[in-house]
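Novice: This is a predicted model, with the sequence first.
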Amino acid sequence: MNEIGLFDINFDTGKSYWSFELKRMLGVRHDVPAEFHLLLQRVHPDDRRAFCRSAMEPFRADCPRHSSIEFRVVHDDGSVQWLHTERRAIVREDDSTDVVRIVGFAVAIGAPAGLSRAA
């Protein structure tokens with residue numbers, strides 16, 4: 001069974017959380033803070049544009065409440081791992097377009113159908 005890594009980003013407080021399992025999947029030490037720039041450094045260069053597009057959705061008025069994306073992460077040793085993430089946008093009660101929090105999970109997967117598995 002694959003590990004499931006959890007994340008929680010609270011835009012009101014500015015706090016972010018990555019579970020121990022997610023940090024392991026990303027190849028970062030357990031004591032490293034959950035910061036976007038560290039995540040972006042791990043995303044495969046060929047996947048960064050799509051990843052950033054998805055990551056910026058919460059800042060748009062038409063942000064979907066549910067979203068998923070598959071992307072590769074590159075570890076320090078050069079190994080590559082595919083991740084599938086699902087996330088949910090939580091909006092402020094009095095404003096259906098003001099996203100205040102993102103929660104979700106990531107799971108390691110094989111290469112998506114039609115793509116060769118990265119080395």
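Specialist: Okay, I see it. Everything numeric here is computed off the predicted structure, so don't read it as measured data.
Novice: Spell out for me which residue occupies the centre of the chain.
Specialist: residue 85 (5.9 Å; CA atoms, centre = their mean).
Novice: Tell me where this structure has strands.
Specialist: Counting by DSSP state E, the chain has strands at residues 4-10, 16-18, 66-74, 80-91, 99-109.
Novice: averaged over its residues, what pLDDT does the longest one have?
Specialist: So the one you mean is strand 80-91. For strand 80-91, mean pLDDT is 92.
Novice: just the first one next, same as before
Specialist: What strand 4-10 shows for mean pLDDT is 95.
Novice: Show me the strands paired with it, marking each as parallel or antiparallel.
Specialist: strand 16-18 (antiparallel), strand 99-109 (antiparallel) (DSSP bridges).
Novice: could those go into JSON lines alongside distance to residue 8?
Specialist: Where C-beta positions appear, they are placed from N, C-alpha and C, glycine not excepted. Converted to JSON lines, the strands paired with strand 4-10 look like this (distance: least, CB to CB, whole Å):
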{"stretch": "strand 16-18", "distance to residue 8": "4"}
{"stretch": "strand 99-109", "distance to residue 8": "5"}
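Novice: so can I have CSV of the ones you listed showing distance to residue 67 and mean neighbour count?
Specialist: As requested, the strands paired with strand 4-10 are exported to CSV (distance: least, CB to CB, whole Å; neighbours: other CB atoms under 10 Å):
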stretch, distance to residue 67, mean neighbour count
strand 16-18, 17, 18
strand 99-109, 8, 18
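Novice: looking at the ones you listed, which is closest to residue 25?
Specialist: strand 99-109 (5.8 Å; CB to CB).
Novice: List the contacts of that closest one.
Specialist: 2-12, 22, 25, 58-59, 63, 70, 81-92 (CB atoms under 8 Å, 6 or more residues apart in numbering).
Novice: let's see it at 7 Å
Specialist: Applying CB atoms under 7 Å, 6 or more residues apart in numbering, the contact partners of strand 99-109 are 2-12, 22, 25, 58, 63, 70, 81-92.
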